[in-house]
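*Asks:* My questions are about this predicted structure, shown below with the sequence.
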Amino acid sequence: MGTLRTEPYIWATWLTKLLVGEESCEWGAWFKAHNQSYEKVPDTFDHTKWQIEHTALLKDVQEKLQLEGHTVFLERQNTFRVHSRQSNIVVGGQPDIIAIQGNNGLICDTKTGQPRASDHVQVMLYMWALPFALRQYRNLKLDGKVIYKGQEIEIPASAINESFTKNLIKLIQRVGGSNPLQKVPSAMECGFCQIAGTECPERISGDCAEQEENSDIDPY
């Protein structure tokens, strides 16, 4: 079983798919926000292949921005923590690139997969959080960009409006709150969730998903 955190801690990417409806099970994010060192399912993702492809794309973007005259900060240089004194909830994240030119900043995330709405929102979350977390960005105009292979999606600073901020803060407060959130187990979401069945008995295993798909009932 996991051990309780001393304070709720939310990594930015735990929120993005929930915010746009790509995921429905808020309990998973709530559990990770309140627990650490919990049992996880075996990871079969090829991290080495992904890291090589991601690093190559990142370097291409870095070189282009530097040629345009930007000062570029990469990955771990951009790690941030936003700590609410009122709720004691911490939100952390790490944009791939922050590029500065004069009084303008550009927050970029590079993606090797197919475009998703949550990628867009991930950059928007960084745009919202950085002025609170890091003093050097408070007086800058921060735009955003999601960069795929062969495609770029620009996000203007105006995207961080009242509606986005309101919905984001409400989700942060739910995920960081003390009351457990609703579980919404499904073959699709459980298949990508790292929380093991020992921590979540309602988890739907791959065997269950296969059994459902191979039902003897002919629907046509």
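*Replies:* Good, I have the coordinates. Numbering: from 1, shown residues only.

*Asks:* Which is the succeeding secondary structure element to the longest helix anywhere in the chain?
*Replies:* For the chain, the helix with the greatest residue count under DSSP state H is helix 47-67. Per DSSP states H and E, the first helix or strand lying C-terminal to helix 47-67 is strand 71-74.

*Asks:* Against which helices or strands is the helix or strand that that following strand is followed by packed?
*Replies:* Per DSSP H and E, the first helix or strand lying C-terminal to strand 71-74 is strand 80-83. Applying 3 or more C-beta pairs under 8 Å, 6 or more residues apart in numbering; DSSP states H and E, we find strand 80-83 packed against strand 90-93, helix 117-133. C-betas here are computed from N, CA, C, even on glycine.

*Asks:* So which of the ones you listed is nearest Thr165?
*Replies:* helix 117-133 (6.4 Å; C-beta to C-beta).

*Asks:* Can you spell out which helices and strands pack onto that closest one?
*Replies:* Packed next to helix 117-133, using 3+ C-beta pairs under 8 Å, 6+ apart, are helix 13-20, strand 80-83, strand 90-93, strand 104-110, strand 141-148, strand 151-155, helix 162-176.

*Asks:* what's stretch 88-96 in contact with?
*Replies:* Residues outside stretch 88-96 that contact it (C-beta atoms under 8 Å, 6 or more residues apart in numbering) are 7-13, 15, 33, 58, 61, 74-76, 78-84, 107-110, 123, 125-126, 129-130, 172-173, 176.

*Asks:* Same check on stretch 155-172?
*Replies:* 10, 15, 18-19, 26, 89, 91, 120, 123-125, 127-128, 141-146.

*Asks:* same check, this time on stretch 63-81
*Replies:* 58, 62, 90-101, 106, 108, 129-130, 133-134.

*Asks:* now the end-to-end length of it.
*Replies:* 27 Å (C-alpha to C-alpha, to the nearest Å).

*Asks:* swap in stretch 89-99?
*Replies:* 28 Å.

*Asks:* and Tyr220, what pLDDT?
*Replies:* Tyr220 is assigned 53 on the pLDDT scale.

*Asks:* ok so, going back, may I see the helices and strands packed on helix 117-133 organised as TSV, with mean neighbour count added?
*Replies:* Formatted as TSV, those follow (neighbours: other C-beta atoms under 10 Å):
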stretch	mean neighbour count
helix 13-20	20
strand 80-83	16
strand 90-93	20
strand 104-110	21
strand 141-148	20
strand 151-155	13
helix 162-176	15
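
*Asks:* right, so of the ones you listed, which gets closest to Pro185?
*Replies:* Once the helices and strands packed on helix 117-133 are compared by C-beta to C-beta, helix 13-20 is nearest, at 15.1 Å.

*Asks:* Rounded mean pLDDT for the helix or strand following that closest one, please.
*Replies:* Counting by DSSP H and E, the next helix or strand C-terminal to helix 13-20 is helix 26-34. For helix 26-34, mean pLDDT rounds to 98.

*Asks:* Enumerate every residue touching the residue nearest to Glu199 when sequence neighbours are not counted.
*Replies:* Counting by C-beta to C-beta, 6 or more residues apart in numbering, Glu199 lies nearest to Tyr38, which is 5.2 Å off, once chain neighbours are set aside. If you count contacts by C-beta under 8 Å, 6+ apart, Tyr38 has them with 1-3, 31-32, 195-196, 199.
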